[in-house]
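S.K.: Predicted model, plus sequence, below.
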Amino acid sequence: MTQSRLPSRRVASTPESIFQTISQLSAQHEAVDLGQGFPDDDGPRHMLELAAEAILGTDGHPQNQYAPLRGEKNLREAIAKDRARKYGQTLDPDTEILVTVGATEALAASVLGLVNPGQEVVALSPYYDAYPAITALAEASFRPVGLRREEGWSIDREAFRAAVTENTAAVILNTPHNPTGAVLSREDMEFVAEVVRDSHAVVIADEVYERLVYPGGEHLAFATLPGMAERTVSISGASKNFNATGWKTGWVCAPEELLAPIITAKQFLTFSGAHPMQNAVAWALEEAEEWSAEWLVEMRHRRTVLAEGLTRLGFTPLETQGTYFLLADIAEVCPGMSADEFCKTLPEKAGVAAIPLTAFTHDPEDPSLRTLVRWTFCKSEANIQRALGRLEEHFG
Ligand code: PMP
Ligand code: GLN
């Protein structure tokens, strides 16, 4: 084995994740971290108790050994019921649902199971940074299509239509959208459905922020559009739905024909995910509606606190329709500076961490994106205020 063959071409063009870079800087400078999207608050108390019981075996059923390949049956049943209730989707828990190690493994197993080397994966840009990295693992080509920023964010329809070709194996559609906080409109989703209907592409619908849509918006599950159920892989998880990013418990819903190759890939990525969390997440899916509604109200409040604070300092926040991210333009406060430079120096200079939007795009020099910074408001209100106080000391 010669060193010159390393790294493999599946990882050679993948940079260090921006979350790793910024989290490290944040820790090094003891910054208030409004970067990586994980909440300060835990999820519903009873969900945590159920997981603890499953580890300690206090209910007489310790779950410290392998979970079944597809995941605990009661979790799959709870996922099916949740999607039936919310979206009117009918899913067979035995053949159409798979529990995964976070939404990340769901995405990886889907692309590895459904996309051939040399084929293309289309995604809206800016995009969650795992999409190009996972596409590269499958030795496929990543084809970003720009979202247009006018009043809100919308799909550049001409570019999207041109991007979906004979060679497109999958379209990754993320709504509510990280990092912009946009919720795609019904018209845009119907447009995507119309384009893929004439193609061979499957749609991988990344819906991890499905419960974080603010009043006035609505989450539409892509699989429920006419003719789309048979070609859609829907992905979600407990990370963002129930404030449990450390549990890495996600899931995939797809027709059996699509799910089978995804399971084949998943078998040899991890076989199964953490077992003790599964009953607990099943409970949350069935019983935590009230907690979700309260958390949404709280998120909306903290968004206002953050947006007003940033505005006072001269930053220009954009609208957030969903997720717990807020984009703000730094151009007025730091003329000429890119978001990348701003975010890489902010922890040291001001003791605050945030993520540059440019980490999620193929064209970091795009003037409409170059100065946008993503701030998360899922941290405690006290931490948001501390961050604003530090920013004020530095920029005020
Ligand atoms: N998709 C999007 C859009 C995300 O923001 C994230 C991060 N939560 C993931 C997928 C991965 O989620 P998980 O933590 O469940 O792996
Ligand atoms: N999804 C989280 C975010 O966008 C980060 C996940 C990660 O660190 N890989 O902030």
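M.R.: Nice, thanks for sending it over. Numbers count the residues shown, from 1 in each chain. Ligands and ions are numbered 1, 2, ... in the order given.
S.K.: those helices in the stretch 201-350 of the chain, which residues are they?
M.R.: Under the criterion DSSP state H, counting those that start in this stretch, the stretch 201-350 of the chain contains helices at 238-241, 256-269, 276-287, 289-312, 339-350.
S.K.: Single out the most deeply packed of those helices.
M.R.: helix 238-241 (a mean of 25; mean count of other CB atoms under 10 Å). (Each C-beta comes from the backbone N, C-alpha and C, glycine too.)
S.K.: That helix close to ligand 2?
M.R.: No. Counting by CB under 6 Å from any ligand atom, no contacts exist between helix 238-241 and ligand 2, the nearest distance being 7.3 Å.
S.K.: Save the helices of the stretch 201-350 of the chain as JSON lines, and put in mean pLDDT too.
M.R.: Output for the helices of the stretch 201-350 of the chain, formatted as JSON lines (pLDDT from 0 to 100):
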{"stretch": "helix 238-241", "mean pLDDT": "98"}
{"stretch": "helix 256-269", "mean pLDDT": "98"}
{"stretch": "helix 276-287", "mean pLDDT": "98"}
{"stretch": "helix 289-312", "mean pLDDT": "98"}
{"stretch": "helix 339-350", "mean pLDDT": "98"}
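S.K.: List the contacts of stretch 318-327.
M.R.: 37, 39, 149, 152, 175-183, 209, 212-214, 216-217, 219, 240, 299, 303, 306-307, 310, 317, 328-329, 357, 372-378 (CB atoms under 8 Å, 6 or more residues apart in numbering).
S.K.: how about it, does it get close to ligand 1?
M.R.: No. Stretch 318-327 does not reach ligand 1 (CB under 6 Å from any ligand atom); its nearest approach is 7.6 Å.
S.K.: Any regions of the stretch 1-150 of the chain where pLDDT drops low?
M.R.: The stretch 1-150 of the chain contains residues with pLDDT under 70 at 1-3.
S.K.: and this protein, which of its residues are near ligand 2?
M.R.: Ser17, Phe19, Gln36, Gly37, Asn178.
S.K.: Just the buried ones from these?
M.R.: Buried residues within these, counting neighbours by 16 or more other CB atoms under 10 Å: Phe19, Gln36, Gly37, Asn178.
S.K.: near ligand 1 too, which of the residues you listed?
M.R.: When CB under 6 Å from any ligand atom is applied, the members of these adjacent to ligand 1 are Asn178.
S.K.: Which ones among the buried ones among the residues of the chain next to ligand 2 lie within helices?
M.R.: Judged by DSSP state H, those include Phe19 as members of helices.
S.K.: got CSV for the buried ones among the residues of the chain next to ligand 2, with distance to Gln65 too?
M.R.: CSV is the format used below for these (distance: CB to CB, whole Å):
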residue, distance to Gln65
Phe19, 31
Gln36, 31
Gly37, 31
Asn178, 34
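S.K.: that older thread, which one of the residues of the chain next to ligand 2 is nearest Ala138?
M.R.: Nearest to Ala138 out of these is Ser17 (CB to CB; 17.9 Å).
S.K.: Leu184 against Phe160, yeah?
M.R.: No. The pair Leu184 / Phe160 is not scored as a contact, 11.6 Å apart, by CB atoms under 8 Å.
S.K.: okay, these two: which has more neighbours?
M.R.: Leu184 (26 against 20; other CB atoms under 10 Å).
S.K.: And the more buried one, which helix or strand is it part of?
M.R.: Leu184 is part of no helix or strand when elements are defined by DSSP states H and E.
S.K.: and it, backbone torsions?
M.R.: For Leu184, the backbone dihedrals are phi -60, psi 140 (criterion: degrees, to the nearest 10).
S.K.: Now render the helices of the stretch 201-350 of the chain as a markdown table, adding distance to Glu190.
M.R.: Compiled in a markdown table, those are given as follows (distance: least, CB to CB, whole Å):
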| stretch | distance to Glu190 |
| --- | --- |
| helix 238-241 | 25 |
| helix 256-269 | 21 |
| helix 276-287 | 28 |
| helix 289-312 | 26 |
| helix 339-350 | 32 |
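S.K.: Understood, closing this out.
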